[in-house]
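Asks: the following comprises the amino acid sequence and a computationally predicted model.
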Amino acid sequence: MTAFELRLQRYLTHLYGERAGEVQRRLEQHLAHFRPLLPSAPSTGTPSDGAPTWSEKDQWVISYGDSIVADGTPPLGVLNHFLKRHLGETISGVHVLPFFPWSSDDGFSVIHYREVNPELGDWSHIRDLASHYDVMGDLVLNHVSRESLWFVDYLTGSLPGRDYFIEVDPDTDVSQVTRPRSSPLLVPVSTRRGTRHLWATFSEDQIDLNFENPDVLLEFVGILLFYLQQGVRIIRLDAVAFLWKRLGTACIHLPETHTVVRLLRAIVDEIAPGTLIITETNVPHTENISYFGLERLAEGPPDEAHMVYQFALPPLLLHTLTRGEASTLQGWLASLPVLPEHCTYLNFTASHDGIGVRPLEGLLPDHERDALLELMHRFGGFVSMRSNPDGSDTPYEINITWFEAMRGTRRGPDPWQIARFLCSQAIMLSLQGIPALYLHTLTGTLNDVEGVERSGRLRSINRRRWPLDELELLLESPSTPTHDVFHALRRLLDLRRQEPCFHPNVPQQVISTPAELLAIERGPLANGRRLLALFNVTDRRIALDQGGEALTQRLQQHAWQPLDTSSSLHPPASLPPYAVLWLVANA
């Protein structure tokens, strides 16, 4: 057996025991079918040592397929036009949120996995996007829509879907199961065999799939490889933490779930080098980074996700900039493990979902969390809840646009919204990893309260659909926040992509400073070049000579120059409210 075949055998034996040999034969037939159909590895692919080759030029946008619309043009075509015209090479990739036929949850209740929603376009539009950018696609593998053919099979007792779902006796004690929602876990369903109760982690329309049935795993391997065939390069494993179920446990992060991630990683590394696997696990930080597989470093390079979302970053940034102190953020950043070159973070501030509250567990006291939630209420946001084993509810996520979240501080709204907003984005852009900006962050979108009223879903507050002509008019009008925010962010992105110190693998260090300042050093590179990023997180001017001994020493040790060559040739003596300063020095 080859090393790859041995890995498959090990993973499948863990998942399916005595059935592993049969499953492996079927899996290898799948792989043999797709090998000649997959595109050759891109130039930003994977070298012989298996380490992904990403760079400082990797900067991504997150968008729904119809976040921008225009009469007479498929929305996916509109998105491609907008990105090429207004961002061009400033970005390298785009995460197109679920573009499949769906029945609820704005795409995450998938009806047909191998089809593009005709209201958005077709596969040619995805391939066209992929010819200009690295495309991230969602593998929604935890659950499926009740309107899917698999579910119809289940109802009628037909193959293949008959055994794809998880039946549970309604009297079973499921109180230990970790819940991301407050809806019932078990959903009654009328079938030809009478009423059955099915596992549904997220909603009654999103029925969980049974990965203990190897047919389900093989289905999703085929779906994943089909996406790669269509030009998708980055695979986002949606809600993967809940994948495997075992009664009597919390049913989250089970060893079998990690093994499925390792299996998918092994497959793409073998037959589609250059593909990236990213896990979406909106959970406390230590649980989140477990999907790198760092605990097995003694056995070889990390073998799970290439990337994980940096879920603790958005709520910590909210806390930092609304409270005017960075000590909690500094401590968390200083605690991050040093990552091997095979792994990196996806850094973001906002996405199609809300701002997760669970990642604050263990990082922020409950009274500080509650003060933040109350402030977001004052700024027009909402808070979604989740159920606990004892029957109580606790906050799960904040629903608000990022621009509105930056409206003020705990003292209330103030004139510093745009400066505070840009400071938050610059911090995110400075950190080790690959940055991703949600389209509605780029455009400084306001809370879509009407969208919430129409849909009845709190997350709709941050899912507006922009008419293209309206958006382009705002971008061309210097007097609008949309114009100011978009062009300032594009300027930051243009600067960032040209600076090698922002390469995802370049180390970062938090410099000890007073809480009013955040100082992050990136580097040094092999040639001695380094970058110092300074941020005033308050609404007061801060003198740099008050930045503490460690910062003073750093500033004196090197001949720092602003990265932005259009500004002063020397560092300023002080930073205005929410100012951002990128300094570089050569050896």
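Replies: Looks like it arrived, so ask away. Residues are numbered from 1 along each chain as shown.
Asks: all the helices of the stretch 451-587 of the chain, in order from the start?
Replies: 468-476, 481-497, 549-557 (DSSP state H, counting those that start in this stretch).
Asks: residues in contact with the second one: which ones?
Replies: Among residues not part of helix 481-497, those counted as contacts by C-beta atoms under 8 Å, 6 or more residues apart in numbering are 56-57, 59, 86-87, 89-92, 403, 417-418, 421-422, 425-426, 429, 435, 437, 441-445, 471, 474-478, 502, 563-564, 580, 582. Yep, even glycine has a C-beta here, placed from its N, CA and C like the rest.
Asks: again, only this time at 7 Å
Replies: 56-57, 59, 87, 90, 403, 418, 421-422, 425-426, 429, 437, 442-444, 474-475, 477, 502, 563-564, 582 (C-beta atoms under 7 Å, 6 or more residues apart in numbering).
Asks: could you do the first one as well?
Replies: Residues from elsewhere that reach helix 468-476, judged by C-beta under 7 Å, 6+ apart: 68-70, 78, 82, 86, 443, 480, 482-483, 486.
Asks: hmm, which of the residues you listed are the buried ones?
Replies: By neighbour count, with 16 or more other C-beta atoms under 10 Å, the contacts of helix 468-476 hold 68-70, 78, 82, 86, 443, 482-483, 486 as buried.
Asks: follow-up on the earlier one: for the contacts of helix 468-476, which one is nearest residue 522?
Replies: Nearest to residue 522 among the contacts of helix 468-476, counting by C-beta to C-beta, is residue 486 at 25.4 Å.
Asks: can you tell me how far that closest one is from residue 442?
Replies: 6 Å (C-beta to C-beta, to the nearest Å).
Asks: on that earlier part again, among the buried ones among the contacts of helix 468-476, which are in strands?
Replies: Among the buried ones among the contacts of helix 468-476, the members falling in strands (DSSP state E) are 68-69.
Asks: how about residue 93, what does it touch?
Replies: Neighbouring residues of residue 93 by C-beta under 7 Å, 6+ apart: 58, 60, 133-136, 234.
Asks: how far away is it from residue 133?
Replies: Counting by C-beta to C-beta, the gap from residue 93 to residue 133 is 5 Å.
Asks: that older thread, list just the nearest of the contacts of helix 468-476 to residue 223.
Replies: Using C-beta to C-beta, the contacts of helix 468-476 come closest to residue 223 at residue 78, 26.2 Å.
Asks: related to what we said a few turns ago, hey, which of the helices of the stretch 451-587 of the chain is tucked in deepest?
Replies: helix 481-497 (a mean of 18; mean count of other C-beta atoms under 10 Å).
Asks: restricting to C-alpha, output it in PDB.
Replies: Only the C-alpha atoms of helix 481-497 are listed here, as PDB (Å, rounded to 0.1, in the frame of the first residue of the first chain):
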ATOM      1  CA  PRO A 481     -19.800  56.900   4.400                       C
ATOM      2  CA  THR A 482     -20.000  54.100   1.800                       C
ATOM      3  CA  HIS A 483     -17.500  56.000  -0.400                       C
ATOM      4  CA  ASP A 484     -15.200  56.900   2.500                       C
ATOM      5  CA  VAL A 485     -15.200  53.400   4.000                       C
ATOM      6  CA  PHE A 486     -14.800  51.500   0.700                       C
ATOM      7  CA  HIS A 487     -11.900  53.600  -0.600                       C
ATOM      8  CA  ALA A 488     -10.100  53.700   2.700                       C
ATOM      9  CA  LEU A 489     -10.300  49.900   3.000                       C
ATOM     10  CA  ARG A 490      -9.100  49.500  -0.600                       C
ATOM     11  CA  ARG A 491      -6.100  51.700   0.200                       C
ATOM     12  CA  LEU A 492      -5.300  49.500   3.200                       C
ATOM     13  CA  LEU A 493      -5.600  46.400   1.200                       C
ATOM     14  CA  ASP A 494      -3.400  47.800  -1.600                       C
ATOM     15  CA  LEU A 495      -0.700  48.600   0.900                       C
ATOM     16  CA  ARG A 496      -1.000  45.300   2.700                       C
ATOM     17  CA  ARG A 497      -0.700  43.100  -0.400                       C
END
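Asks: which strand residues bridge residue 279?
Replies: In this entry, residue 279 is beta-bridged to residue 237, residue 308, by DSSP bridges.
Asks: now do the contacts for the residue lying closest to residue 543 once chain neighbours are set aside.
Replies: Ranked by C-beta to C-beta, 6 or more residues apart in numbering and with sequence neighbours excluded, the top spatial neighbour of residue 543 is residue 574, at 4.4 Å. Counting by C-beta under 7 Å, 6+ apart, residue 574 touches 541-544.
Asks: before we move on, back to that, could you dump the buried ones among the contacts of helix 468-476 to CSV with pLDDT and distance to residue 199?
Replies: CSV is the format used below for the buried ones among the contacts of helix 468-476 (pLDDT from 0 to 100; distance: C-beta to C-beta, whole Å):
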residue, pLDDT, distance to residue 199
68, 98, 37
69, 98, 36
70, 98, 41
78, 98, 38
82, 98, 40
86, 98, 43
443, 98, 38
482, 97, 43
483, 97, 48
486, 98, 43
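Asks: could you dump the buried ones among the contacts of helix 468-476 to TSV with distance to residue 282?
Replies: Shown next, in TSV, are the buried ones among the contacts of helix 468-476 (distance: C-beta to C-beta, whole Å):
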residue	distance to residue 282
68	26
69	28
70	33
78	29
82	28
86	30
443	24
482	28
483	32
486	27
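Asks: looking at the buried ones among the contacts of helix 468-476, which is nearest residue 123?
Replies: residue 78 (16.7 Å).
Asks: shouldn't the closest one be in contact with residue 66?
Replies: No: if you go by C-beta atoms under 7 Å, residue 78 and residue 66 don't touch, sitting 8.1 Å apart.
Asks: pretty sure residue 24 sits against residue 9.
Replies: Yes: contact criterion C-beta under 7 Å: residue 24 and residue 9 qualify, at 6.1 Å.
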